[in-house]
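Engineer: no sequence on hand, only this structure:
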């Protein structure tokens, strides 16, 4: 494990309720890496994502992510872990009764921001990054699906996280909009963050190829290992 490793799994088993779906999984992801996580429905990829952000407790093996050991993490530490993670969902999970800026302020207040001017500056900064510089006063229903997903990515960036976990971020979007979202996430990884994208979107993987972890038959296969073995 190198100095740049930000996500590390060693001999991890993942469960859906009481059924083991992945066994003895080991892989590392470094800062600045963009990685796809793929697999059929039921293959364990969503359960693996939920385990990474401590929504599902780790029962077997060792995971370290953003400096936290998930095998020993206490419940009261989970909010601090999540400040180091940006989480992006398929269904955006925006608050539809308030505008874009207020959606961002809601997350900031929940994670300890207090100064209104600093909050406004940070909101503008992350909206600039996702290409929505002029949309802060819009209500979510006034935005397209792709713009709503960009807001959810902006929300994931507000605390300058070390890791972005995106679970089917293009699942509700058309192919061209999806490509914009994937390219945005790739750009975010180039700033030194690790980005892990769980997806079914084969078209985007083909258009924007990158390291791919594949969940199948209770295992996770790594395209990097395959490529290294075939090139030597």
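Structural biologist: Nice, thanks for sending it over. Keep in mind the model is a prediction, meaning the values are calculated, not measured.
Engineer: where in this structure is pLDDT low?
Structural biologist: Along the chain, segments meeting pLDDT under 70 span 1-2, 225-232.
Engineer: mind listing what's buried along the helix or strand containing residue 78?
Structural biologist: According to DSSP states H and E, residue 78 maps onto helix 78-83. By neighbour count on 16 or more other CB atoms under 10 Å, the buried set for helix 78-83 is 81, 82, 83. (C-beta placed from N, C-alpha, C; glycine too.)
Engineer: what do you get for stretch 91-103?
Structural biologist: Result for stretch 91-103 [16+ other CB under 10 Å]: buried residues 92, 94, 99, 100, 101, 103.
Engineer: take these and keep only those in helices.
Structural biologist: 100, 101, 103 (DSSP state H).
Engineer: export these to a markdown table and tack on distance to residue 22?
Structural biologist: Shown next, in a markdown table, are those (distance: CB to CB, whole Å):
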| residue | distance to residue 22 |
| --- | --- |
| 100 | 37 |
| 101 | 40 |
| 103 | 33 |
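Engineer: out of those, which comes closest to residue 46?
Structural biologist: Distances from residue 46 to these, taken as CB to CB, are shortest for residue 103 (23.8 Å).
Engineer: shouldn't that closest one be in contact with residue 140?
Structural biologist: Yes. Using CB atoms under 8 Å, residue 103 makes contact with residue 140 at a distance of 7.3 Å.
Engineer: mind listing the shared neighbours of the two?
Structural biologist: Residues touching both residue 103 and residue 140 (CB atoms under 8 Å, 6 or more residues apart in numbering): 94, 95, 151.
Engineer: quick one: the residue nearest to the second one when sequence neighbours are not counted and residue 48, what's the gap?
Structural biologist: Once its chain neighbours are removed from consideration, residue 95 has its nearest residue in residue 103; the separation is 5.4 Å (CB to CB, 6 or more residues apart in numbering). Taken as CB to CB, to the nearest Å, the spacing of residue 103 relative to residue 48 amounts to 27 Å.
Engineer: now do residue 200
Structural biologist: Using CB to CB, residue 200 is found at 15 Å from residue 48.
Engineer: swap in residue 114?
Structural biologist: Distance from residue 114 to residue 48, counting by CB to CB: 35 Å.
Engineer: okay, these two: which has more neighbours?
Structural biologist: residue 48 (26 against 8; other CB atoms under 10 Å).
Engineer: pretty sure the more buried one contacts residue 23?
Structural biologist: No. In terms of CB under 8 Å, residue 48 does not count as a neighbour of residue 23; the distance is 11.9 Å.
Engineer: about what we covered before: who touches the helix holding residue 78?
Structural biologist: By CB under 8 Å, 6+ apart, helix 78-83 touches 53, 54, 65, 66, 68, 73, 111, 112, 159, 161.
Engineer: which two from those residues end up farthest apart in space?
Structural biologist: 65 and 112 (20.2 Å).
Engineer: settle it for me: which of these two has more neighbours?
Structural biologist: residue 65 (26 against 10).
Engineer: leaving out the residues flanking it, which one is nearest to that one?
Structural biologist: residue 7 (5.0 Å).
Engineer: part of a strand, is that neighbour?
Structural biologist: Yes. Counting by DSSP: H, G, I helix; E, B strand; the rest coil, residue 7 is found in a strand.
Engineer: that's all I had, so thanks and see you.
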